[in-house]
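1. can you look at this prediction? I've put the sequence above it.
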Amino acid sequence: MGSTEHKVLIGVIGGSGLYHLDNLTPVETVNPETPWGYPSSPLTIAQLPSGGKIAFLARHGVGHQHSPSHVPVRANIAAFKSLGVRVILAFSAVGSLREDIHPGDFVVPSQIIDRTKGIRPSTYFDEGVVGHAMFGNPFDDALIKDLVPLVKEALAPHEVGNGAQVHTEKCVVCMEGPAFSTRAESNMYRMWGGDIINMSVLPEAKLAREAEMSYALIATSTDYDAWRVSEHPVTVEEVVKTLHQNANASRHVAAHVLEALYPDIESGKVGSSFTGTMQFACITKKDYITREAAEKLSWVLPYFS
Ligand SMILES: CSC[C@H]1O[C@H](OP(=O)(O)O)[C@H](O)[C@@H]1O
Ligand SMILES: Nc1ncnc2[nH]cnc12
């Protein structure tokens, strides 16, 4: 198990362009080996001004060495869980599938369309224990309700937000990658009701749910993907350029939101929406669960210890 003297209640996942939160005070680095291997990067435990502790993880590694299809997501979520994390705030660079979601805007989505190709390990329930998590509302809506006003507040000063809007109630398409979509695919996603697109929200959100953790995505729009005929289809240069412009705003949003949410997470008012939900989601009969399988699952769910 991961061990630290610190009580860590919130995990932050930094996406493309967000490889550190150097506006917070680091206190320790941990790198727990989980039954699913090591996380994408060591976890930096940092202290908030009010004293609360958070853990930061770079999704693709600090050198951006893990492609979206090969991020060790099960290890990432298990590593957070082993530190006692209850809430995960995940940052992600996304393409916009809508005219009114401009590059530089922030989006806190409420739905997901899965366009990954089944090549990512995406469950903790594939080795001897069968469990079916409820996933109709893939994010923690109660967390989002508290989060969105805080994101808006953080971006309100023009020198921070630079006029960025905050969009809610949107649908994120998660594609396999690493190549971007064709124009035809991009248009199809628009017809399906997709509003933004990335390569990372799955299986992250699903594994957080299986581990009974509260999860929300804070997406920053970097481009118009491939659907907009007046423009050339998205390139990585364009994404990275906008990302660097957005990174300081994201760090500011993270610091503001973490500080404001911490007391409610500590008191259990926020972050407990899914506590206990997996207890009856496991369908395998007790006598059929091997000690090895139970031991492995106990990393993410207390019922198996
Ligand atoms: C660098 S462009 C595509 C890449 O960016 C996004 O990463 P993240 O979600 O970690 O910010 C997208 O999901 C792709 O992995
Ligand atoms: N257009 C796009 N497609 C998929 N992932 C992205 N991340 C940023 N822009 C993206």
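-> Good, I have the coordinates. Ligands and ions are numbered 1, 2, ... in the order given.

2. which parts of the stretch 201-305 of the chain sit against ligand 1?
-> 236, 239 (CB under 6 Å from any ligand atom). Quick note: C-beta positions are derived from backbone N, CA and C, even for glycine.

3. ligand 2 contacts on the stretch 201-305 of the chain?
-> 222-223, 225, 234, 239.

4. redo that, cut-off 5 Å
-> 222, 225, 234, 239 (CB under 5 Å from any ligand atom).

5. tell me the secondary structure at the third one.
-> Per DSSP: H, G, I helix; E, B strand; the rest coil, the secondary structure class of residue 234 is coil.

6. tell me which residues touch it, please.
-> Counting by CB atoms under 8 Å, 6 or more residues apart in numbering, residue 234 makes contact with 95, 180, 223-226.

7. these in strands, which ones?
-> Secondary structure defined by DSSP state E assigns 95, 223 of these to strands.

8. ok, back up a step: need the buried ones from the residues of the stretch 201-305 of the chain next to ligand 2 selected in PyMOL.
-> Here is the PyMOL command that selects the buried residues among those (16 or more other CB atoms under 10 Å):
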select buried, resi 222+225+234+239
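
9. what's the residue in the stretch 201-305 of the chain that ligand 1 sits nearest to sitting at in phi/psi?
-> Nearest residue of the stretch 201-305 of the chain to ligand 1, counting by CB to the nearest ligand atom: residue 239, 4.2 Å away. Here is the backbone geometry of residue 239 (degrees, to the nearest 10): phi -60, psi -50.

10. so it is in contact with residue 16, correct?
-> Yes. Shown here, residue 239 and residue 16 form a contact pair, counting by CB atoms under 8 Å, at 6.9 Å.

11. nearest residue to whatever residue of the chain ends up closest to ligand 2 other than its sequence neighbours?
-> Closest contact between the chain and ligand 2, by CB to the nearest ligand atom, is at residue 95 (2.3 Å). Excluding the flanking residues, the one nearest residue 95 by CB to CB, 6 or more residues apart in numbering is residue 225, at 3.6 Å.

12. measure whatever residue of the chain ends up closest to ligand 1 to residue 53 for me?
-> Per CB to the nearest ligand atom, residue 15 is where the chain lies closest to ligand 1, at 2.3 Å. From residue 15 over to residue 53 the distance is 22 Å, taken as CB to CB, to the nearest Å.

13. which of those two has more neighbours?
-> residue 15 (26 against 23; other CB atoms under 10 Å).

14. surely the more buried one is in contact with residue 89?
-> No. Here residue 15 lies out of contact with residue 89, judged by CB under 8 Å, at a distance of 11.2 Å.

15. low-confidence regions, this structure specifically.
-> 1-2 (pLDDT under 70).

16. mind listing the strands for it?
-> Taking DSSP E as the criterion, the chain carries its strands at 8-14, 25-30, 43-47, 53-58, 87-96, 106-108, 111-115, 166-168, 171-175, 196-198, 214-223.

17. residues from the stretch 1-150 of the chain in reach of ligand 2?
-> Going by CB under 5 Å from any ligand atom, the residues of the stretch 1-150 of the chain near ligand 2 are 93, 95.

18. please enumerate the helices of the stretch 1-150 of the chain.
-> Assigned by DSSP state H, counting those that start in this stretch, the helices in the stretch 1-150 of the chain fall at 73-82, 141-155.

19. mind putting the ones you listed in CSV, mean neighbour count included?
-> Shown next, in CSV, are the helices of the stretch 1-150 of the chain (neighbours: other CB atoms under 10 Å):
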stretch, mean neighbour count
helix 73-82, 26
helix 141-155, 18
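
20. can I get these in JSON lines with distance to residue 120?
-> Shown next, in JSON lines, are these (distance: least, CB to CB, whole Å):
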{"stretch": "helix 73-82", "distance to residue 120": "7"}
{"stretch": "helix 141-155", "distance to residue 120": "24"}
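
21. which of those helices sits closest to residue 41?
-> Residue 41 lies closest to helix 73-82 among the helices of the stretch 1-150 of the chain, at 8.9 Å (CB to CB).

22. helices and strands around the closest one, which ones?
-> strand 53-58, helix 201-210 (3 or more CB pairs under 8 Å, 6 or more residues apart in numbering; DSSP states H and E).
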